[in-house]
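J.: based on what follows, work out the 3D shape:
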Amino acid sequence: MVKEIDHLLVKVEKDKGWVEILNNFMIGSLHATDLSYIYISKKIFPPMKPNKDELQKLYDESLVAYTQPTKKPSFDHYIITAWNPMSFEVSDEVNLSANKELEKDFLTAVGKKYFGHCYGYHPDESWREDGFWVSAEAMSLNQIMDLAKKYRQIAIYRQERNERPVIWVEY
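T.: Residues are numbered from 1 along each chain as shown. Down below sits the predicted model:
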């Protein structure tokens, strides 16, 4: 009797690079920052490359909320998350762990003064991803793109006075 597998648990080790997950669950890759287990849910199937046109529409409709109102940036800044690498849904545990690592990267690179917490969400509340804003004065586009690649993000935002353009990550 064959049992259908509804999830996959993958053990990855620090500095072993990218782990390809191909077992009929996801064609994609995740980066391990330490010894960890990555749980991948079957609800991300069928395996597919995210459709850029659909994602552009979703990003254009999205809103950002700043979770530290007294620290809301009044200057140009980037918005980034470590949630759901390559737009593939992973567990909250994995997402929270990745965001903690991204927060440590910001503390090291720019200190507390130039970044803060925020989250992106769709107005119909179909999704939400916790993330961060970081000052465009404190971090260059190249630096933020390096972080986006490290955490396998497809895109980031640059919040300007009256605009919030999507910046696609080139791999």
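
J.: show me what contacts the spatially closest residue to residue 110 that is not a sequence neighbour?
T.: In this structure, residue 110 finds its nearest non-sequential neighbour in residue 138, 4.2 Å apart by C-beta to C-beta, 6 or more residues apart in numbering. Bear in mind the C-beta positions are built from the backbone N, C-alpha and C, glycine included. Shown in contact with residue 138 (C-beta atoms under 8 Å, 6 or more residues apart in numbering): 109, 110, 113, 114, 115.

J.: make TSV from these and add distance to residue 99 to it.
T.: Below are the contacts of residue 138 laid out as TSV (distance: C-beta to C-beta, whole Å):
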residue	distance to residue 99
109	15
110	16
113	19
114	17
115	12
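
J.: among these, the buried ones, what's the PyMOL command?
T.: In PyMOL, the members of the contacts of residue 138 classed as buried (16 or more other C-beta atoms under 10 Å) are selected with the following command:
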select buried, resi 109+110+114+115
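
J.: and of the contacts of residue 138, the nearest to residue 92?
T.: Residue 92 lies nearest to residue 115 out of these, by C-beta to C-beta, at 22.0 Å.

J.: residues contacting the closest one?
T.: Residues in contact with residue 115 (C-beta under 8 Å, 6+ apart) are 106, 132, 133, 134, 135, 138.

J.: please, which helix or strand holds residue 107?
T.: Assigned by DSSP states H and E, residue 107 falls within helix 92-109.

J.: what's the answer for residue 56, then?
T.: Counting by DSSP H and E, residue 56 is found in helix 52-61.

J.: what is the subsequent helix or strand relative to that helix?
T.: Using DSSP H and E, the helix or strand that follows helix 52-61 in sequence is strand 63-66.

J.: what pairs with the helix or strand that comes right after that following strand, parallel or antiparallel?
T.: Next along the chain after strand 63-66, taking DSSP H and E as the criterion, comes strand 77-80. If you go by DSSP bridges, strand 77-80 pairs up with strand 128-135 (antiparallel), strand 155-159 (antiparallel).
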